[in-house]
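[1] Structure, please.
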Amino acid sequence: MSDEIKHTEEHELDGDESSQQNPELVEIADLSKKGYQYLKENRVADAERNFRLIVEKDPENNYALVGLGDAARKRTAYRDAVDYYKKCLIYHPGNNYALFGLADCYKALNQYQKAIEIWEQYLLHDNKNITVLTRIADAYRKVRDFRKSKAIYLRVLEMEYDNPYALIGLGHLHYDFKEYRDALHYWQRMVDAQGDMVDIRVLTSIGNCYRKLKQFDQGIPYFDKALNKEPGNFYALFGLADCYRGTGEPQRSLDYWNLILDKDPRNKVILTRAGDAYRSMDRYEEAADYYERALNIEFDVYAVLGLATISRLQGKVESAVDSLKRLVQNDPKNYRLHLELAHCYLALGDRRKAEETLQEFTRFGIRNSHIQELLAKIQNQ
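    Numbering: from 1, shown residues only. Below you'll find the predicted structure:
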């Protein structure tokens, strides 16, 4: 049951008690009851009208002030909502609904530390509220406090073994910190608990873990399941395309890049990925066409890099070198540019310049296995 609905039902009980007192209280109770019903029906303007009528009669009415805050929150007018909740807390310190709404507003405004402080106040009144505990854990995750976030998620799981919000949160927490195997453990628990009913985002998240671990063949079944649930899902199509790229199946990869482009033909990132797939199959003319289409939308360093690579492979090495030098000047820490430029120098028979190009990159203090391998190969020849 949502907090908003519980709030409404509790108010209805209070309204019954107040109705035995005097006509004005009966009218306020009725306006309030209808106001919360309007909120449940998403009739926000009608709800606000009712709550304002109450405030005209009783400026300190906690139901009306929280109701106005809830209505503003539904309109995503979070700063207005904050004002209503704060006003309620002046007259009614510790009001759970005002605290809950205020914390949610701070979260929506990306003021996570403030949200945490308010939710912790809420826990003074209700320290076993799983909804609030998962929200606090989410907020700690957003401010990258791994230890506190994990501790609270685990506390929730002690209270409710397969709580989906805690399992999802723990998955994201470990994923954010590049602990992909731990992320897999928690997301897989959701699949085990929910089976075919599991959210599509859990399936694509598991697939992405396998992508990050470069275990592309293991990611494919999860993206397939996601696509079966929602044909045309961007993340499933992207995941499958990237996994097939990783397993060395460029044609299958291309099939999925092109499915994305059917719906979004001006996506320059996907155009360059499709260009890469054509290039890996030695279909240079088609690859160049995709790179040019990407560049017609907006400058893209990887589209220019792709065209330079095609130039090298077609023997137009000097042209590729000129293009790559300009790219390196503008993006000196991009290892792919240094790597391709070194390959160009090797194609020209200039091992010294190839070595210098790779060493220039290592001076940034960035370790890259591709750079190191080519450098070692040149130095050992």
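[2] residues in contact with residue 79?
    By Cβ atoms under 8 Å, 6 or more residues apart in numbering, residue 79 lies in contact with 105, 109. Using the backbone N, CA and C atoms, a C-beta is placed for each residue, glycine as well.
[3] how far away is it from residue 292?
    Per Cβ to Cβ, to the nearest Å, residue 79 is found 46 Å from residue 292.
[4] shaky segments in the protein?
    1-21 (pLDDT under 70).
[5] domain parsing for it?
    Following automatic domain parsing, the chain resolves into domains at 1-125, 299-381.
[6] now those domains as CSV including distance to residue 271?
    Output for the domains of the chain, formatted as CSV (distance: least, Cβ to Cβ, whole Å):
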stretch, distance to residue 271
domain 1-125, 32
domain 299-381, 7
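[7] Figure out which of those is closest to residue 229.
    Closest approach to residue 229 among the domains of the chain (Cβ to Cβ): domain 1-125, 25.5 Å.
[8] Would you check how far apart the residue lying farthest from the centre of the chain and residue 201 are?
    Distance from the C-alpha centroid of the chain peaks at residue 22, with 52.2 Å (Cα atoms, centre = their mean). Separation of residue 22 from residue 201 (Cβ to Cβ): 52 Å.
[9] Kindly report the same for residue 260.
    Relative to residue 201, and taking Cβ to Cβ, residue 260 is found at 18 Å.
[10] These two: which is more packed in?
    More crowded of residue 260 and residue 201, by other Cβ atoms under 10 Å: residue 260, with 20 against 13.
[11] which residue packs closest to the residue nearest the centre of the chain, ignoring adjacent ones?
    Nearest to the mean C-alpha position of the chain, by Cα atoms, centre = their mean, lies residue 172 at 9.1 Å. Closest residue in space to residue 172, ignoring its immediate chain neighbours: residue 141 at 6.6 Å, by Cβ to Cβ, 6 or more residues apart in numbering.
[12] who touches the host helix or strand of that neighbour?
    Assigned by DSSP states H and E, residue 141 falls within helix 130-142. Outside helix 130-142, the residues within contact range by Cβ under 8 Å, 6+ apart are 3, 100, 103-104, 107, 110, 112-113, 115-116, 119-120, 122-123, 126, 148-150, 152-153, 155-156, 159-160, 163, 165-166, 169, 172-173, 176.
[13] Going toward the C-terminus from it, what's the next helix or strand?
    Counting by DSSP H and E, the next helix or strand C-terminal to helix 130-142 is helix 146-159.
[14] CA atoms only for that next one - export them in CSV, please.
    Only the C-alpha atoms of helix 146-159 are listed here, as CSV (Å, rounded to 0.1, in the frame of the first residue of the first chain):
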residue,chain,number,x,y,z
PHE,A,146,29.5,2.5,-0.7
ARG,A,147,29.8,1.3,2.9
LYS,A,148,26.7,3.0,4.3
SER,A,149,24.6,2.3,1.2
LYS,A,150,25.5,-1.4,1.3
ALA,A,151,24.9,-1.7,5.0
ILE,A,152,21.4,-0.3,4.7
TYR,A,153,20.5,-2.5,1.7
LEU,A,154,21.7,-5.6,3.6
ARG,A,155,19.6,-4.5,6.6
VAL,A,156,16.5,-4.4,4.4
LEU,A,157,17.3,-7.9,3.1
GLU,A,158,17.5,-9.2,6.7
MET,A,159,14.0,-7.9,7.1
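[15] got a list of what residue 153 touches?
    Neighbours of residue 153 in contact, by Cβ under 8 Å, 6+ apart: 134, 137, 166, 169, 170, 173.
[16] top of the residues you listed by neighbour count?
    In terms of neighbours by other Cβ under 10 Å, these top out with residue 137 at 27 neighbours.
[17] Which residue comes closest to that residue once chain neighbours are left out?
    residue 152 (3.9 Å).
[18] Also residue 293?
    residue 271 (5.2 Å).
[19] element containing that neighbour, please.
    Going by DSSP H and E, residue 271 is in helix 268-280.
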